[in-house]
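# make a model of this:
(2 chains)
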Amino acid sequence: GAGVSQSPSNKVTEKGKDVELRCDPISGHTALYWYRQSLGQGLEFLIYFQGNSAPDKSGLPSDRFSAERTGGSVSTLTIQRTQQEDSAVYLCASSLNFGVGYTFGSGTRLTVV
Amino acid sequence: RKEVEQDPGPFNVPEGATVAFNCTYSNSASQSFFWYRQDCRKEPKLLMSVYSSGNEDGRFTAQLNRASQYISLLIRDSKLSDSATYLCVVTNQAGTALIFGKGTTLSVSS
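Model prediction:
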């Protein structure tokens, strides 16, 4: 596609529920990243996928967070048993290869009530 | 020490002013450096890469000092549309992702 597409754009969920966030990167971009941005805070790195290599999961805050990237394209970030502190904007980005600038999607605003 | 540190501002300047933002980073192994711009409630967008020799893009000039682990962004002839948060960005220890500073907020007024 022309840009990085994320869905849903907004998600309100009850504490304890699981949520899935989707990212469709720019066609041909081999690198895909997930970040989150809490209100008034900087971007926090979560996970990185590069081609068929094992992902770098070093930024995932707890084992409630997981992500997959199927077929080297679409990625899903799953948060299990959501907590209020999970409320944030979850941003996906892709790039042609690591070391060049990313293109971000418009994000999913997650609110846990 | 935080990985990327920036003065949060806000910087309030009149149109036409020149303004400079500074950033320091802790990872001496960082290889790539960028400035991103983020408008309110929007995603970050790449403004420019930063090269060791310094580089310019129109009214914007970026400088890198590897010895001091210091990056700067200079904006000349500020426009109202320059109002945004400017994010300093470097590669992480593993070289697998970009680490973002919390940003410096600029407000340009007429």
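
# next one: the strand or helix carrying residue A:92 to chain centre, how far?
Using DSSP states H and E, residue A:92 maps to strand A:88-95. With C-alpha atoms, centre = their mean, to the nearest Å as the basis, strand A:88-95 stands 5 Å off its chain's centre.

# ok, and what's touching that strand?
The contact list for strand A:88-95 (C-beta atoms under 8 Å, 6 or more residues apart in numbering or on different chains) reads A:4, A:6, A:21, A:23, A:25-26, A:29, A:31-39, A:43, A:46, A:75, A:77, A:101-105, A:107-110, B:43-44. Using the backbone N, CA and C atoms, a C-beta is placed for each residue, glycine as well.

# which of those fall within helices?
Taking DSSP state H, every one of those sits outside helices.

# in strands, which of those fall?
A:6, A:21, A:23, A:31-37, A:43, A:46, A:75, A:77, A:103-104, A:108-110 (DSSP state E).

# for the helix or strand that contains residue B:48, what does the pLDDT average out to?
Assessed by DSSP H and E, residue B:48 sits inside strand B:45-49. In this model, strand B:45-49 has an average pLDDT of 94.

# tell me what that strand is packed against?
strand B:33-38, strand B:55-57, strand B:60-65 (3 or more C-beta pairs under 8 Å, 6 or more residues apart in numbering or on different chains; DSSP states H and E).

# partner strands of the strand holding residue A:92 and their direction?
According to DSSP bridges, strand A:88-95 forms sheet pairs with strand A:31-37 (antiparallel), strand A:103-104 (antiparallel), strand A:108-112 (antiparallel).

# can I get those strands in TSV with mean pLDDT?
As requested, these are arranged in TSV below (pLDDT from 0 to 100):
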stretch	mean pLDDT
strand A:31-37	95
strand A:103-104	94
strand A:108-112	97
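
# can you list these in TSV and add mean neighbour count?
Output for these, formatted as TSV (neighbours: other C-beta atoms under 10 Å in any protein chain shown):
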stretch	mean neighbour count
strand A:31-37	25
strand A:103-104	22
strand A:108-112	18
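
# among the helices and strands packed on strand B:45-49, which is the most enclosed?
Among those, strand B:33-38 has the highest mean neighbour count (mean count of other C-beta atoms under 10 Å in any protein chain shown), at a mean of 22.
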